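>>> Structure of the sequence below:
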Amino acid sequence: MGDIKAFLQPPVMDETQEVIVSKRFKGEDGRPVPFVIRVIDQATNNRLMKRAMKKDKKQKEQELDRTLYGKLLLEACVVSPNFKDAELCAYYKTNDPLDVPERMLSSGEYNRLIHAINRLNEFTDTDDEYEENEEEAKN
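Residues are numbered from 1 along each chain as shown. Below you'll find the predicted structure:
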């Protein structure tokens, strides 16, 4: 039997990383302000996937709405900026925080953010898989 203490680790959702998504977002000092992203645990990912399921009316089966899942994943993983902030939502003319990132970011910036979230959460193992996911995120 192994040492059970090796598995008694802090929750993964405490792990964060700063990512420069764009040079457009600058602080008062003129330097780029990073986005802060975090790792999510599988229980959280399961909840996101459940929220993103849609029923196929023809086949009466459920399938994952990848666009909605991507939005939910961004919301869950981005700590800062807070997309739920009322001022941010008002500025980007939406009441839905899920719409803020796609209104705030260019396609390239959005893809850099998705790429960083995928790497931090270890959703993919190889660079080929990263590139496949990025292509999927673009569509």
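>>> Where do the helices of this protein begin and end?
42-51, 66-77, 86-91, 100-104, 107-120, 127-138 (DSSP state H).
>>> now the angle between helix 66-77 and the fifth one, please.
So that's helix 107-120. Angle, helix 107-120 to helix 66-77, by axes from the mean of the first three to the mean of the last three CA atoms, to 10 degrees: 70 degrees.
>>> Buried ones in helix 107-120, by neighbour count?
Neighbour counts over helix 107-120 (16 or more other CB atoms under 10 Å) mark E109, Y110, N111, R112, L113, I114, H115, A116, I117, N118, L120 as buried. The way it works is simple: take the backbone N, C-alpha and C, and place the C-beta from them, glycine included.
>>> where's the third one relative to I117, distance?
If you measure N111 against I117 using CB to CB, to the nearest Å, the figure is 11 Å.
>>> any idea of the pLDDT on the closest residue to L48 other than its chain neighbours?
Closest residue to L48 apart from its sequence neighbours, by CB to CB, 6 or more residues apart in numbering: L72 at 4.4 Å. Predicted confidence (pLDDT) at L72: the value is 96.
>>> Likewise for K60?
For K60, pLDDT reads 74.
>>> List the contacts of it.
By CB atoms under 8 Å, 6 or more residues apart in numbering, K60 lies in contact with nothing.
>>> What distance do you get for it to I117?
Taking CB to CB, one finds K60 at 33 Å from I117.
>>> want to try CSV for the helices of the chain, with distance to F7 as columns?
Listed next are the helices of the chain as CSV, based on distance: least, CB to CB, whole Å:
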stretch, distance to F7
helix 42-51, 15
helix 66-77, 24
helix 86-91, 39
helix 100-104, 35
helix 107-120, 21
helix 127-138, 27
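>>> Let me know which of those is the nearest to F35.
helix 107-120 (6.3 Å; CB to CB).
>>> Just the C-alphas of that closest one, formatted as PDB.
C-alpha atoms of helix 107-120 as PDB (Å, rounded to 0.1, in the frame of the first residue of the first chain):
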ATOM      1  CA  SER A 107     -10.200  36.300 -31.900                       C
ATOM      2  CA  GLY A 108      -6.500  36.000 -31.300                       C
ATOM      3  CA  GLU A 109      -6.700  37.200 -27.800                       C
ATOM      4  CA  TYR A 110      -9.600  34.900 -27.100                       C
ATOM      5  CA  ASN A 111      -7.600  32.000 -28.500                       C
ATOM      6  CA  ARG A 112      -4.600  32.800 -26.300                       C
ATOM      7  CA  LEU A 113      -6.900  32.800 -23.200                       C
ATOM      8  CA  ILE A 114      -8.500  29.500 -24.200                       C
ATOM      9  CA  HIS A 115      -5.000  28.000 -24.900                       C
ATOM     10  CA  ALA A 116      -3.700  29.200 -21.500                       C
ATOM     11  CA  ILE A 117      -6.800  27.700 -19.700                       C
ATOM     12  CA  ASN A 118      -6.400  24.400 -21.600                       C
ATOM     13  CA  ARG A 119      -2.700  24.200 -20.600                       C
ATOM     14  CA  LEU A 120      -3.200  25.100 -17.000                       C
END
